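Peer 1: Sharing a model that was predicted from the sequence below.
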Amino acid sequence: MNGLEHFLCSSSLWRYLTQRQLLPWVLSGVRLGDHVLEIGAGYGPATPQLRKAVPRVTSLEYDAKSARHLKAQHNGGPGGALRGDAAQLPFASQSFSSAIAILVLHHLRSREVQDRMFAEVYRVLRPGGIFLAYEINDSWVHRLGHIRSTFTPVSAGSAFARLTRAGFSRISVDFRRGAFRLGAIREKDSSTTD
Ligand SMILES: C[S@@+](CC[C@H](N)C(=O)[O-])C[C@H]1O[C@@H](n2cnc3c(N)ncnc32)[C@H](O)[C@@H]1O
């Protein structure tokens, strides 16, 4: 991330917007189950709200500084915070009832890495588990905002085929204000290869 992103993502304004607007929309109509994997948690604006919603939240973050911040915020209790890579998840298969990634996919360095993340999320979800992602559309404003950062936009149109290839079903895309929510289920009766 660039300096502007670090500044915005660690701000109390972003925390407020995440908790009051973004998260209620992303989680609407969704059952998260008992153990959520939060991928690319950043400075943790969504983490307290997720912890209120479910018994256990595990927050994963690649950036060392943000991961340190997350760990310091986590004051014991179930779940935890750790440093790790979304494309190589350090968890056993079928560990989580749901996984959520807010503004993370476009921060992965290529389409191939994004596809590896989809496959990894599928692997660590229990049958019946749901994957949720919140993403921004490709636009010149967002490209400008990601100068000296990573911006690999995901097109909503390609998401069906890519998530299906990873094994998911019941894929949904909902749009709101230049952004969209992806939802995908690991079916209960899908054959397991892990
Ligand atoms: C725009 S920030 C969003 C952070 C947080 N979800 C939020 O809403 O504030 C994107 C996050 O994805 C993280 N990230 C990038 N690549 C990652 C990877 N391979 N594995 C895990 N996290 C990653 C970044 O370090 C950053 O914290």
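Peer 2: Alright, I've got the coordinates.

Peer 1: Isn't H74 up against T58?
Peer 2: No. Look at H74 against T58 with C-beta atoms under 8 Å: they stay out of range, at 9.8 Å. Heads up, the C-betas are built off the backbone N, CA and C, glycines and all.

Peer 1: Please enumerate the shared neighbours of these two.
Peer 2: Here H74 and T58 have G80, A81 as joint contacts, going by C-beta atoms under 8 Å, 6 or more residues apart in numbering.

Peer 1: between these two, which one's more packed in?
Peer 2: Shown here are H74 and T58; by other C-beta atoms under 10 Å, T58 has more neighbours (23 against 18).

Peer 1: Can you pull the phi/psi pair for the spatially closest residue to the more buried one that is not a sequence neighbour?
Peer 2: Computed as C-beta to C-beta, 6 or more residues apart in numbering, the closest residue to T58 that is not its neighbour in sequence is G79, at 4.6 Å. With angles defined as degrees, to the nearest 10, G79 sits at phi 80, psi -150.

Peer 1: Is G79 in contact with L50, as I believe?
Peer 2: No. In this structure, G79 is not within contact of L50 by C-beta under 8 Å, at 9.1 Å.

Peer 1: now the closest residue to the ligand within the chain: how far from F91?
Peer 2: Relative to the ligand, the nearest point of the chain is G42 (2.6 Å; C-beta to the nearest ligand atom). G42 sits 19 Å away from F91, going by C-beta to C-beta, to the nearest Å.

Peer 1: Which one's more surrounded, these two?
Peer 2: Neighbour count, other C-beta under 10 Å: between G42 and F91, G42 has more, with 27 against 15.

Peer 1: what pLDDT does the more buried one get?
Peer 2: At G42, the pLDDT value in this model is 96.

Peer 1: tell me the SS of it?
Peer 2: Recorded secondary structure, G42: coil (DSSP: H, G, I helix; E, B strand; the rest coil).

Peer 1: Is the longest strand that the chain contains positioned near the ligand?
Peer 2: For the chain, the strand that runs over the most residues, judged by DSSP state E, is strand 125-136. No. Judged by C-beta under 6 Å from any ligand atom, strand 125-136 makes no contact with the ligand; its nearest approach is 7.8 Å.

Peer 1: Show the average pLDDT along that strand.
Peer 2: Confidence for strand 125-136, expressed as mean pLDDT, is 98.

Peer 1: Past it, which element shows up next along the chain?
Peer 2: Per DSSP states H and E, the first helix or strand lying C-terminal to strand 125-136 is helix 140-145.

Peer 1: do you know how far the closest residue to A53 other than its chain neighbours is from H142?
Peer 2: Distance criterion C-beta to C-beta, 6+ apart; nearest residue to A53, sequence neighbours excluded, is L32 at 6.1 Å. Distance, L32 to H142, by C-beta to C-beta: 28 Å.
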